[in-house]
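S.K.: Sequence plus the predicted model coming up.
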Amino acid sequence: MAAGVLALDLERTLIDDDEGWIRPDQRDRWIPIAPWDGGPDEELNRVRSVLEQRLDRAGK
């Protein structure tokens with residue numbers, strides 16, 4: 001899976017289940033997710049929460 005990218009102003013947040021796609025200089029912008037196992041996907045809620053927290057800290 002290629003890294004999904006979401007723009008937050010000038011910052012880029014990388015969301016991926018495979019650390020191999022994330023360069024060492026991008027680790028602080030990476031939100032790791034669990035690979036989909038075929039069951040209900042709970043990761044969307046978790047990632048949304050992480051993104052909302054980052055926006056709150058940025059004062060948005």
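M.R.: Right, received. Where do you want to start?
S.K.: Which residue ranges of this protein form helices?
M.R.: For the chain, applying DSSP state H gives helices covering 43-57.
S.K.: burial of Arg54, as a residue count?
M.R.: Residues contacting Arg54 under the criterion other C-beta atoms under 10 Å number 15. All C-beta atoms are positioned from the backbone trio N, CA, C, and that covers glycine.
S.K.: ugh, wrong one, I meant Trp30
M.R.: Neighbour tally, Trp30, other C-beta under 10 Å: 16.
S.K.: Can you check the pLDDT for it?
M.R.: On the pLDDT scale, Trp30 is placed at 89.
S.K.: Looks like it contacts Asp18 (just checking).
M.R.: No: counting by C-beta atoms under 8 Å, Trp30 stays clear of Asp18, with 10.5 Å between them.
S.K.: beta partners of Trp30?
M.R.: For Trp30, the beta-bridge partners under DSSP bridges are Leu14.
S.K.: Any figure for the gap between it and Pro40?
M.R.: With distances taken as C-beta to C-beta, to the nearest Å, Trp30 is found 24 Å from Pro40.
S.K.: that older thread, shared neighbours of Trp30 and Asp18, which are they?
M.R.: When C-beta atoms under 8 Å, 6 or more residues apart in numbering defines a contact, no residue borders Trp30 and Asp18 alike.
S.K.: which residues does Trp30 contact?
M.R.: 13-16, 19, 22.
S.K.: Tell me the one among the residues you listed nearest to Pro35.
M.R.: Taking C-beta to C-beta as the measure, Pro35 sits nearest to Asp16 out of these, at 9.8 Å.
S.K.: Lowest-scoring secondary structure element of this structure by mean pLDDT?
M.R.: Taking mean pLDDT, DSSP states H and E as the measure, the chain has strand 4-8 as its least confident helix or strand, at a mean of 48.
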